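In: Fold the stuff below for me.
(2 chains, ligands or ions: 1)
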Amino acid sequence: MTIYELQEQIIEEFAQFGDWMERYEYLIEMGRELPPFDETHRIPDFLIEGCQSKVWLYPSFDDGVITFEADSDALITRGIVALLVKVFSGRTPDEILGTDLYFIDRIGLKENLSPTRSNGLLAMIKQMRLYALAYKSKAEQS
Amino acid sequence: MPLAKSIEAIRADFPILATTVHGKPLVYLDNGATTQKPLQVIRTLDELYRTANANVHRGVHRLSDLVSDRYEAARETVRAFINAPKREEVIFTANTTASINAVAFSFGERFVGEGDEIIISGMEHHANIVPWQMLCERKGSKLRVIPFSDEGVLDLDAYRTMINGRTRIVAVTHVSNVLGTVNPVKEIVSEAHRHGIPVLVDGAQSVQHGTVDVTDIGCDFYVFSGHKVYGPNGIGVLYGREKLLNEMPPYQGGGDMVANVTFEKTTYNVLPFKFEAGTANFTGAIGMASALDYLTGLGREAVAEREQALLAQATAGLSAIDGMRIYGTAPHKVSVVSFLPGKIHQYDAGMILDKMGIAVRTGTHCAQPLMERYGISGNIRASIAFYNTEEEIEALVNGVRKATEMLA
Ligand SMILES: Cc1ncc(COP(=O)(O)O)c(C=O)c1O
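Out: Take a look at the predicted model:
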């Protein structure tokens, strides 16, 4: 599935929910299904500190694609993180850098993007793109 | 003594309480962060800008006179509200933070040196920590911190042993913004005064909950913010003992604070103007006075009584939820409950409550050392005002229960 198709699929899924509680329940479920985070990666280097909840993001680069593992100490944030991982993990740096994440707006998470919300979502996307940029320039050098 | 108005009439005085958020009626329980404004205050501001706007103390013209008089009348209202001895001892600032910074700088310049000590408590808001740390860094002095119990009660024995010949000032909060504890400031002051040490009391969370009498407390400085006592933003109060204020240098220079300016030497104006450089926030001050009048009109003791009843209801309701931890169980509290249900993250609960229309604060509440003391990254705080209702407290308890179920 392309990133575009994946975003469309997420938007469709969210469209079925009647109210916010259902959306949160879904995100909480997604958070629960996120694979356990490797404890050796739970170090400050991989911490994206938001004001309200902590987010860890660990990247690896193999065969031209980036894999992200992530975690958060808050469940809803973990669900949001899981969504991002679902969309960005297993993609090439170019795909990550070239994609507009319009699904966030369409599923009503845009308020969580506001910098004052400080839940790490904005910082996370930025960090994912930074890793993509770093891997891209590293790949071009070698 | 009952409130001067019915709760319906009181709620009608606060237009914002009738709004909805996310399609649900607003349940505003973040009064510790800022309070809502009664029509009386909103109208005062509106009327001021329509009829009496001019710079204070700076014109011979009618409007300037008019607004200067009202600004000084506001000062008198504040004086009476906290029972300060003199009008000149009431200085208008921007907020509590500005007041504390003013004292830390100005008092510090005059009275604090290398090796001297400053005592604060472990339950301070960052506003009553950082300015003193900055002073310590400037002067090479040392910060001492009064510990407190799990219940949220200050250890006064530890405090007594902390006081020594190097102690220059004690700065403590009257009421903890997280735990709700009402600290025994009168006792703290009398102990310090036995050693000739002045005391600053942070009144940001006490002035809105009943009667506060700075003469009775005996403190040397008392500070608070207008926006937390139903007044406008950007106005605060620094009450200081005249003798001390006279000995302290101004901390900001400019217009209004001077008596005579030449390029060789400038002499300073008298109190309170010496500490009010620049165009004063006269609309804020007059608006705040209007808020204080509103509270006085309702009956401050009646306000406190109602808040205590709502606090008891909230505490009982929340405590009945499985795995609930309440932070701050001191015998003497204001209407603030901080809590965490089970192992749930405060941010998750806060997001869900928000969608139910319930406004609470989540996080460290600008008191990181306090959170560290309990070994938590933050909690949820419901801070209750007299205009809240029993139904709203019930909505909070039900909301927290629902969030807990969703997140368990
Ligand atoms: C105890 C205490 N002190 C100081 C402050 C700072 O108040 P302001 O931000 O209005 O200066 C607060 C505000 O939350 C507070 O609760």
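In: Quick one: check the helix or strand of chain A with the lowest mean pLDDT for contact with chain B.
Out: Lowest on mean pLDDT, DSSP states H and E among the helices and strands of chain A sits strand A:47-49, with a mean of 83. No: judged by C-beta under 8 Å from any C-beta of the partner chain, strand A:47-49 makes no contact with chain B; its nearest approach is 10.9 Å. Using the backbone N, CA and C atoms, a C-beta is placed for each residue, glycine as well.
In: From the rest of the structure, what touches that strand?
Out: The contact list for strand A:47-49, computed with C-beta atoms under 8 Å, 6 or more residues apart in numbering or on different chains, reads A:Lys54, A:Val55, A:Trp56, A:Leu57, A:Gly120, A:Ala123, A:Met124, A:Gln127.
In: in the chain, which spans are helices?
Out: In the absence of a named chain, chain A is used. Taking DSSP state H, the helices of chain A run over residues A:3-15, A:20-33, A:75-88, A:93-98, A:103-106, A:121-141.
In: um, chain B though
Out: Under DSSP H, chain B gives helices at B:7-12, B:39-51, B:62-82, B:96-111, B:130-139, B:156-162, B:185-194, B:214-217, B:242-247, B:282-298, B:300-319, B:346-355, B:368-374, B:390-407.
In: now the last one, how far from the chain's geometric center?
Out: Per C-alpha atoms, centre = their mean, to the nearest Å, the displacement of helix B:390-407 from the mean C-alpha position of its chain is 28 Å.
In: between that helix and helix A:20-33, how big is the angle?
Out: Orientation of helix B:390-407 against helix A:20-33 (axes from the mean of the first three to the mean of the last three C-alpha atoms, to 10 degrees) gives an angle of 30 degrees.
In: Report the rounded mean pLDDT for helix B:390-407.
Out: In this model, helix B:390-407 has an average pLDDT of 97.
In: Does anything pack onto that helix? Which helices or strands?
Out: helix A:20-33, strand B:27-28, helix B:300-319, strand B:336-341, helix B:346-355, strand B:358-359 (3 or more C-beta pairs under 8 Å, 6 or more residues apart in numbering or on different chains; DSSP states H and E).
In: The ligand: which of the ones you listed is closest?
Out: Closest of the helices and strands packed on helix B:390-407 to the ligand is strand B:336-341, at 9.5 Å (criterion: C-beta to the nearest ligand atom).
In: rewinding a little: B:Ser225 is nearest to which of the helices of chain B?
Out: With distances scored as C-beta to C-beta, the stretch of those nearest to B:Ser225 is helix B:96-111 (4.5 Å).
In: How about residues contacting that closest one?
Out: B:91, B:93, B:127-128, B:131-132, B:134-135, B:138-139, B:168-169, B:171, B:198, B:200, B:202-204, B:221, B:223-225, B:228, B:236-238, B:240, B:244, B:247-251, B:275.
In: Put the buried members of those residues into a ChimeraX selection.
Out: Selecting only the buried entries of the contacts of helix B:96-111 in ChimeraX, with 16 or more other C-beta atoms under 10 Å in any protein chain shown as the criterion:
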select /B:91,93,127,128,131,132,135,139,168,169,171,198,200,202,203,204,221,223,224,225,228,236,237,238,240,244,248,250,251,275
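In: how far away is the closest residue to B:His193 other than its chain neighbours from B:Ser190?
Out: Among residues not flanking B:His193 along the chain, B:Gly218 sits closest, at 6.8 Å (C-beta to C-beta, 6 or more residues apart in numbering or on different chains). Distance of B:Gly218 to B:Ser190, computed by C-beta to C-beta, to the nearest Å: 7 Å.
In: and what of B:Asp155?
Out: From B:Asp155 to B:Ser190 the distance is 17 Å (C-beta to C-beta).
In: State the pLDDT value of the residue nearest the centre of chain A.
Out: With distances taken as C-alpha atoms, centre = their mean, A:Leu84 lies nearest the centre of chain A, 2.4 Å away. On pLDDT, A:Leu84 comes in at 92.
In: was I right about it contacting A:Thr77?
Out: No: contact status for A:Leu84 versus A:Thr77: not in contact, 10.6 Å apart, counting by C-beta atoms under 8 Å.
In: Give me the common contacts of these two.
Out: A:Leu121.
In: Can you measure across stretch B:117-133, start residue to end residue?
Out: 11 Å (C-alpha to C-alpha, to the nearest Å).
In: Off-centre distance for that stretch?
Out: Distance, centroid of stretch B:117-133 to centroid of chain: 14 Å (C-alpha atoms, centre = their mean).
In: Stretch B:84-92 too?
Out: On C-alpha atoms, centre = their mean, the centre of stretch B:84-92 falls 17 Å from that of its chain.
In: if we can go back for a sec, would you mind putting the helices and strands packed on helix B:390-407 into a markdown table with mean neighbour count alongside?
Out: As requested, the helices and strands packed on helix B:390-407 are arranged in a markdown table below (neighbours: other C-beta atoms under 10 Å in any protein chain shown):
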| stretch | mean neighbour count |
| --- | --- |
| helix A:20-33 | 17 |
| strand B:27-28 | 24 |
| helix B:300-319 | 18 |
| strand B:336-341 | 25 |
| helix B:346-355 | 24 |
| strand B:358-359 | 22 |
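In: buried ones in the least confident helix or strand of chain A?
Out: Neighbour-count burial for strand A:47-49 [16+ other C-beta under 10 Å]: A:Ile48.
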